[in-house]
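Student: Here is a sequence together with a model predicted from it:
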Amino acid sequence: MEPELTSVVRCPACGAETAAQMPVDACQFFWACPSCGERIRPLEGDCCVFCSYGSVVCPSKQVTQQ
C-alpha cells in the first residue's frame, strides 16, 4: 500500500487548517502556518509536525504501521 502524501495540518496557535504535501524522504520538523505565521514544531516524542498536528501521520510512520 502506498502512503498518503497529503495531510491537513491544524495550527495549535490559531486553529487554522491547511492541506499540505508531506515529503517522502524526510520528516518536516518546522512548519509555518499560512494563516497566522506561527512557526510550529512537533510535540515531544513525535518525529514531525504531521505526526503532531496533521490528519495523517508522515509517510515513514505510515509504512512502519502497515
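Tutor: Yep, it's here. Numbers count the residues shown, from 1 in each chain.
Student: show me where this structure has strands.
Tutor: Per DSSP state E, the chain has strands spanning 6-10, 17-21, 31-32, 39-40. These are given in chain order.
Student: Please pull out the lowest mean pLDDT helix or strand from the chain.
Tutor: Within the chain, judged by mean pLDDT, DSSP states H and E, the helix or strand with the poorest mean is helix 59-65; its value is a mean of 87.
Student: Quick one: list the elements packing against it.
Tutor: Under the contact definition 3 or more Cβ pairs under 8 Å, 6 or more residues apart in numbering; DSSP states H and E, helix 59-65 sits against no other helix or strand. (Each C-beta comes from the backbone N, C-alpha and C, glycine too.)
Student: so how far is it from its chain's centroid?
Tutor: Shown here is helix 59-65, whose average C-alpha point lies 13 Å from the average C-alpha point of the whole chain (Cα atoms, centre = their mean, to the nearest Å).
Student: so who does the spatially most central residue of the chain touch?
Tutor: Geometric centre of the chain, nearest residue: F50, 1.6 Å, by Cα atoms, centre = their mean. With contacts defined as Cβ atoms under 8 Å, 6 or more residues apart in numbering, F50 is in contact with S7, V9, A20, M22, Q28, V56, V57, C58.
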